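Trainee: Give me a 3D structure for the following:
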Amino acid sequence: MDEKDLIPEEIEKDISADEQTAETRNDAGLKTDSVNYENNDNWQFEAEAPTLSDDLFDGNVPLSDNNSDTQNYYYNPQQETPQKDNNSVVIKKSVLIGIPVGIIAAALVAVIVFFAVRYFTTPKAGEKNLNPAAVIMTVDDQKVSMGMFEYYYSSVTSYYEQYAAYGYYTLDTTADYATQYTTDDDGNEISWQDFFKNEALKEIESITANYKLGLDNDLTVLESQQKAIDEQVETLKTSASEEGISLDAYIAKSFGPHCDESTIRLMLEQYYIAANYKGMFTAQTQITDEEINAYYSEHKSDIDQINFSYIAVPYDSSSDETISKCDALVKEYESQITDRDSLVDLVPVVYADYIEQDKVSMMDSDSSISEEDAVKSATENYISSLDYTITASSSPFDKEVTDWLFSADTKIGSVNHYINAESGYAYIILKTEDTSLDESETYAVRHILVTPESDSEDAASETGEVTYTDEQWKAAKDKTDEILDEYNNGSKDEYAFALLAEKYSADTGSTSAGSSGMFGGLYEGTALGTMVPQFEGWATDDARKYGDVEIVQSDYGYHIMFFVNDCSSYKANIISEVRDVKIEEKIDSYEKETKDKNIDKAIELFKEFKKEQSANTTNKSAE
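Mentor: Residues are numbered from 1 along each chain as shown. Just a heads-up that it's a prediction; the model follows:
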């Protein structure tokens, strides 16, 4: 977590309402980059395969001109005299007879040496028949190409560039990233170029290793996943056609000079097989109470949480005079805080300028709102952002303040402050509770949704809800029974159920056919009130035990349910973490080797390529 997260969203005036955070939330308040669950009133499923960001498809790259004026020479045994045909010249074989054999041999050696040097020094594009210069890493016997590195490197770079545009990072996108610096996870100074490189390599290593684990377990791309891959490539073809260039040229322009269609297809194949392995491992791995307790003992700082309230006071560190004034103001505010109510009383004072700006904005956009109501609404927005929950490991404060906050010796109602000159705020912190665990109830289930087939528009009511006929409900029930019979006639384990969910479930948000990263109809760590009553009522029944399977009906169709667990939130998180640790142990068993020179060369070639693109775009704009 970053100190930036503690700045109330309303304060960030330079960012539009749609851009204030990289996370968006649906009507139920769930993050859209998290698992989307059923909501009591509005549960919808999204059928999106992992997409290649449109934001990366900017700029142009010139096509190589195949209409060269260079003449091609060939020998035609039927011709005795040189003749020109289609811009080609015929050379008589007799001309070569008088050339000494030694000269020919030397020329052949030179040619062989030339191509041998190119083979070891010039990286080949694409994924087929990789030459040594094109390999940047090996994971076991799996080679990772320069093109694959370019894809991940460009994707990571684009990701952080977009966040920088929102003000989350200090990053000059017009300057060389090798000359700009940030800090890594260990707090060490590192150039943004090296940071992007490391992030790309971590992603590549994880995907490639899980892909290898999948191959070692004879996993393949599922039919629905292959369809998604083909659709992604077709989307790229359409975009390339609209620009009047070839598919490979479009992919190279978007991701790097050594990327082509084979790179994109392999990347998607690796992504899906890696997801299939993780899905299989999750379904086949049960975490015991002993493992949960052992993990908790070793990772208390990652699990124990604390609630506190805070207020962000603008802090000007531009001179000794401004620092002195800000320090005095912070101390004055601190002396007025004894509990949360007294902290609330400071909101109209500390956030006065921001409340005024929000008031004006509200009244400009809604002429019916009174000045009093606008001020009240703006003030309430800031009051609602006073409370926060963190773990020690995710604390945005320094060690001294974090230790103070989590210490049992620090009484509830104690006040402290933390100054972050870079963000321009001093955070006045009020301890409101002692350390605790998140004991809120969660549950994990898998389900296969079968929805009745309707006549689309004819089935929509005035409220927008879809209604089904008795015949359509019966047909759906018959299909549900057939799927359940298929499960009962098989191995009847969790992985078998997950595969059936991948094959049949209409809820693509919980399968790999969607963009949530889920597999096999799994919803885990599900908070109460998230799903429709029929779904949740079955999942939270005290009589449930692992492996229970039953059909449940809701307004959305029939759910074939598979019960996994019902536990507190912190235990659900530990279960997920322990599984990840077990997978990491398998990944670490593979021998990995990075080709540092090839990686550095890939980055330099990528930078040169982007400069050429930028220059070409500028020239075209000038024309």
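Trainee: Tell me where the model's unsure across the stretch 501-623 of the chain.
Mentor: 617-623 (pLDDT under 70).
Trainee: what ranges do the strands span in it?
Mentor: Taking DSSP state E, counting those that start in this stretch as the test, the strands found in the stretch 501-623 of the chain are 522-527, 549-554, 557-568, 592-594.
Trainee: between the second one and strand 557-568, how many degrees?
Mentor: Here strand 549-554 runs at 110 degrees with respect to strand 557-568, directions being taken by axes from the mean of the first three to the mean of the last three Cα atoms, to 10 degrees.
Trainee: Show me the contact partners of strand 549-554.
Mentor: 38, 480-481, 484, 487, 492, 497, 532-535, 538, 558-563 (Cβ atoms under 8 Å, 6 or more residues apart in numbering). For glycine as for every other residue, the C-beta is placed from the backbone atoms N, C-alpha and C.
Trainee: go with 6 Å
Mentor: Identification of contacts with strand 549-554 by Cβ atoms under 6 Å, 6 or more residues apart in numbering yields 480, 532, 534-535, 538, 558-562.
Trainee: Minimum distance to Leu222: which of the strands of the stretch 501-623 of the chain has it?
Mentor: strand 522-527 (15.3 Å; Cβ to Cβ).
Trainee: packing partners for the closest one?
Mentor: Under the contact criterion of 3 or more Cβ pairs under 6 Å, 6 or more residues apart in numbering; DSSP states H and E, strand 522-527 touches strand 441-450.
Trainee: pLDDT (mean, whole number) over the very next helix or strand once past the strand it packs on?
Mentor: Remark: after strand 441-450, the chain's next helix or strand is helix 470-488, criterion DSSP states H and E. For helix 470-488, mean pLDDT is 97.
Trainee: What of stretch 360-375?
Mentor: Stretch 360-375 shows a mean pLDDT of 94 in the predicted model.
Trainee: List the buried residues in that stretch.
Mentor: If you call a residue buried by 16 or more other Cβ atoms under 10 Å, then stretch 360-375 has these buried ones: 362-363, 374-375.
Trainee: Relative to Val445, how far out is Ala275?
Mentor: Ala275 sits 19 Å away from Val445, going by Cβ to Cβ, to the nearest Å.
Trainee: Likewise for Glu486?
Mentor: Distance from Glu486 to Val445, by Cβ to Cβ: 19 Å.
Trainee: ok, the two, which is more surrounded?
Mentor: Val445 (26 against 13; other Cβ atoms under 10 Å).
Trainee: is that one in a bridge, and if so with what?
Mentor: Beta-bridge partners for Val445, by DSSP bridges, are Tyr523, Phe563.
Trainee: Quick one: residues contacting it.
Mentor: Going by Cβ under 6 Å, 6+ apart, Val445 touches 523, 539, 561, 563-564.
Trainee: Distance to Gly509 added to these, as a markdown table?
Mentor: Formatted as a markdown table, those follow (distance: Cβ to Cβ, whole Å):
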| residue | distance to Gly509 |
| --- | --- |
| Tyr523 | 9 |
| Ala539 | 17 |
| Met561 | 16 |
| Phe563 | 20 |
| Val564 | 17 |
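Trainee: Any of these buried? List them.
Mentor: Buried among these by 16+ other Cβ under 10 Å: 523, 539, 561, 563-564.
Trainee: Greatest separation within those residues: which pair is it?
Mentor: Maximum distance among these (Cβ to Cβ): 11.4 Å, for Tyr523 and Phe563.
Trainee: of the strands of the stretch 501-623 of the chain, which approaches Lys586 most closely?
Mentor: Once these are compared by Cβ to Cβ, strand 592-594 is nearest, at 12.9 Å.
Trainee: Tell me if I'm right that Glu502 and Thr511 touch.
Mentor: Yes: contact status for Glu502 versus Thr511: in contact at 5.2 Å, counting by Cβ atoms under 6 Å.
Trainee: between the two, who's got more neighbours?
Mentor: Neighbours were tallied for Glu502 and for Thr511 using other Cβ under 10 Å; the higher tally belongs to Thr511 (28 against 23).
Trainee: And that one, how close does it get to Leu215?
Mentor: From Thr511 to Leu215 the distance is 21 Å (Cβ to Cβ).
Trainee: Next: Thr174.
Mentor: 42 Å.
Trainee: So between those two, which is more surrounded?
Mentor: Leu215 (17 against 5).
Trainee: which residues does that one contact?
Mentor: Contacts of Leu215 (Cβ under 6 Å, 6+ apart): none.
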